[in-house]
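S.K.: Predicted model and sequence follow; I will ask about them next.
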Amino acid sequence: MSDNSSTLINRRSFLSSAATVAVSSAAASSLVVPAQAATPIVGTQTPLIYRRKLGNYEITVLGDGYVDLPHQIWANVTPEQADGHLADAFQPAGSIRNGVNAYLINTGEKLILVDSGARDLFGPNAGLLPDNLAAIGVKPEDIDQVLITHIHPDHIAGMYSADGDVLMTNGQIYVDEADLNFWTSEAAQAQAVDISKPWFDLARQWKGVFEGRITTFKGEKDLGDGISAFPLPGHTPGHTGYRIESGGETLYIIGDAVISAAIQFANPDAAAIWDTNAEDGKKSRRTIYDVAAQERALVTATHLPFPSFGYVDKRGNGSYAWVPEEWRYAT
Ligand SMILES: [Zn+2]
């Protein structure tokens, strides 16, 4: 029998068996009985881990969980406008659900962590970084270096426990000098909006816990390993982005330059009440959006929806669109 005829026969038998199945299903539908072994609904996700190669490096996104933020966090967006953006993004009204991500860069020689999650400070749905590190078999003490985008609780608190036990026990911690100066300043704390006043106390505690291991830089800084810091001020005075380059590929980790995909691409001027300089923040956001759009560069940010990799598309009327990268089957 030739291959062709074999294919033909298989196709015929497939068609006839398909017809049989159709008849059988119709007959069987009257015989449906309840399942005997109900399976409980799980209600939780798998560990928030996503790997992506970047040239010769491997970046692992480590989800820390999420926090729901009400529309009152916006300084210059009404709740109605915020709900309009959420409707455009097919999301429920009333608040934004903000993922919290950290990033582990494996250069092949070193493990470099960017930010560290919120620990217990952002409610019951965040603080998963230690669990997700454990899930990929990395011990906190294996981390060789930590890069901080800015000194907010959801970026620094995961480096130590509420009792002051240090988790990331090794290596240098890099942060912009302006952020460290600001968040440890009593004068700045006195003038800050109420919601961010406790963040100064945390910053001072963090500085004390990691005394001797914190290395500061000012603005642009080459940190080696294809990684450079660049200033994105406004969300905080020393807010920093990190450009990672390996094997001809580039990734921009832009911290909290954008905190809501649904709102701040459509409206890049949307500022949060805790932005220390909203005007600088808008400029920084537009600048990095323009760079990313022009270079067609890969971008990620702490609060963009997990796994948080994507591209920025420039649209008309001064607005932008977030184009999430499709799931990479081969990292
Ligand atoms: Zn944040």
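M.R.: Alright, I've got the coordinates. Numbering: from 1, shown residues only.
S.K.: Could you tell me the average pLDDT over stretch 266-281, please?
M.R.: Across stretch 266-281, pLDDT averages out at 98.
S.K.: Show me which parts of it are buried, residue by residue.
M.R.: Of the residues in stretch 266-281, those buried by neighbour count under the rule 16 or more other Cβ atoms under 10 Å are 266-272, 274-278, 280-281. C-beta: built from backbone N, CA, C; applies to glycine.
S.K.: List the residues that contact D201.
M.R.: By Cβ atoms under 8 Å, 6 or more residues apart in numbering, the contact set of D201 is Q189.
S.K.: need the longest strand for the protein.
M.R.: When the chain is parsed with DSSP state E, its longest strand is strand 57-70.
S.K.: Report whether that strand contacts the ion.
M.R.: No. Strand 57-70 does not reach the ion (Cβ under 5 Å from the ion); its nearest approach is 9.2 Å.
S.K.: ok now that strand, how far from the chain's centre?
M.R.: 4 Å (Cα atoms, centre = their mean, to the nearest Å).
S.K.: Does T215 lie in a helix or a strand, and which?
M.R.: If you go by DSSP states H and E, T215 is part of strand 214-217.
S.K.: So for that strand, mean pLDDT?
M.R.: For strand 214-217, the per-residue pLDDT averages 98.
S.K.: List the buried residues of that strand.
M.R.: Buried residues in strand 214-217, counted by 16+ other Cβ under 10 Å: I214, F217.
S.K.: out of the buried residues of stretch 266-281, which are inside helices?
M.R.: Among these, the members falling in helices (DSSP state H) are A278, D280, G281.
S.K.: who's in contact with the second one?
M.R.: This means D280. Going by Cβ under 8 Å, 6+ apart, the list of residues near D280 reads P233, G234.
S.K.: Okay, it and P231: tell me how far apart.
M.R.: Distance of D280 to P231, computed by Cβ to Cβ, to the nearest Å: 10 Å.
S.K.: just the first one next, same as before
M.R.: In this view, A278 and P231 are 16 Å apart by Cβ to Cβ.
S.K.: and what of the last one?
M.R.: Using Cβ to Cβ, we find G281 at a distance of 12 Å from P231.
S.K.: Which residues are in contact with the closest residue to P140 other than its chain neighbours?
M.R.: Nearest residue to P140, sequence neighbours excluded (Cβ to Cβ, 6 or more residues apart in numbering): L167, at 3.9 Å. Going by Cβ under 8 Å, 6+ apart, L167 touches P130, P140, E141, G158, M159, Y160, S161.
S.K.: Check what pLDDT the closest residue to the last one other than its chain neighbours gets.
M.R.: Just to be clear, that refers to S161. Nearest residue to S161 in three dimensions, chain neighbours excluded: L167, at 6.8 Å (Cβ to Cβ, 6+ apart). On the pLDDT scale, L167 is placed at 95.
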